[in-house]
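Engineer: When you get a sec, could you give me coordinates for this:
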Amino acid sequence: MIQFRRADLLGDDTWRLSGLLRGQQGTERAMNAGASAGAVVVLLDSGPERMVVAAGERNLPLIWRAGPEGVPGGEGVTETQFQLTGAHARPWSPAHLRVKALNGGGFTLSWIPRSRIWGDLWDGDDYPSDPSRFRIRVMDDDRPVRVWEVQAAEGVYSSEDFAADFPDGAPARVRIAVAQWGEGYGWGEEALFRL
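Structural biologist: Sure thing, here's the model as predicted:
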């Protein structure tokens, strides 16, 4: 999801967007995946409403119908099967993950939690983030080597733990991953830092 300040018509169905804000509403994973030139764009205005499903309906194949009000099916009604994942409830990845080496070895970790509810506001007060529960994972490529939880937006990866995890020294592919917990969803998107 992106927002833009300006749209200039260049030709038939061709626009140049400028003043972009990317990764809005926790969509940074899709942003990082990118889109190919000529990809379909759906313009969201204030009209569409968020579809609501019960927690027990998440990830179930549901049939969705759209058409004139009061018409259960038939002409003028579009039907599709779709699985909602409840991604709107997924906690966003923490921002500004920092990893600093300590003099005696090991690392201090710090980050800024982000709130899903009103988390993209530009004016007014900051809203509190989801409950302060974070998971830190030390990864050797995609394999977790050490996992622990903290209740604050900081942690320490001690020199002793580092030596136990990598007795021959750390390979080049070691990453630190931090995720935030969300009630009713679980662990959210991870912020990543390569050591």
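Engineer: alpha carbons only for contacts and neighbour counts from here, please
Structural biologist: Fine.
Engineer: residue boundaries of the strands in the chain?
Structural biologist: For the chain, the strands defined by DSSP state E occupy 2-3, 6-11, 14-18, 21-22, 62-66, 78-82, 95-101, 107-112, 134-140, 143-150, 154-157, 174-182, 186-194.
Engineer: most tightly surrounded among those?
Structural biologist: Comparing the strands of the chain by mean neighbour count (mean count of other Cα atoms under 10 Å), strand 174-182 ranks first with a mean of 23.
Engineer: thinking again about what came up before, nearest to Pro167, of the strands of the chain?
Structural biologist: When those are compared by Cα to Cα, strand 143-150 sits nearest Pro167, at 12.2 Å.
Engineer: how big is the angle separating that closest one from strand 174-182?
Structural biologist: Regarding strand 143-150 and strand 174-182, their directions subtend 40 degrees when assessed with axes from the mean of the first three to the mean of the last three Cα atoms, to 10 degrees.
Engineer: Now do strand 143-150 against strand 134-140, angle only.
Structural biologist: Using the same axes, to 10 degrees: strand 143-150 against strand 134-140 is 160 degrees.
Engineer: distance of the nearest residue to Arg175 once chain neighbours are set aside from Glu28?
Structural biologist: Excluding the flanking residues, the one nearest Arg175 by Cα to Cα, 6 or more residues apart in numbering is Arg194, at 4.3 Å. Note on Arg194: its distance to Glu28, by Cα to Cα, to the nearest Å, is 18 Å.
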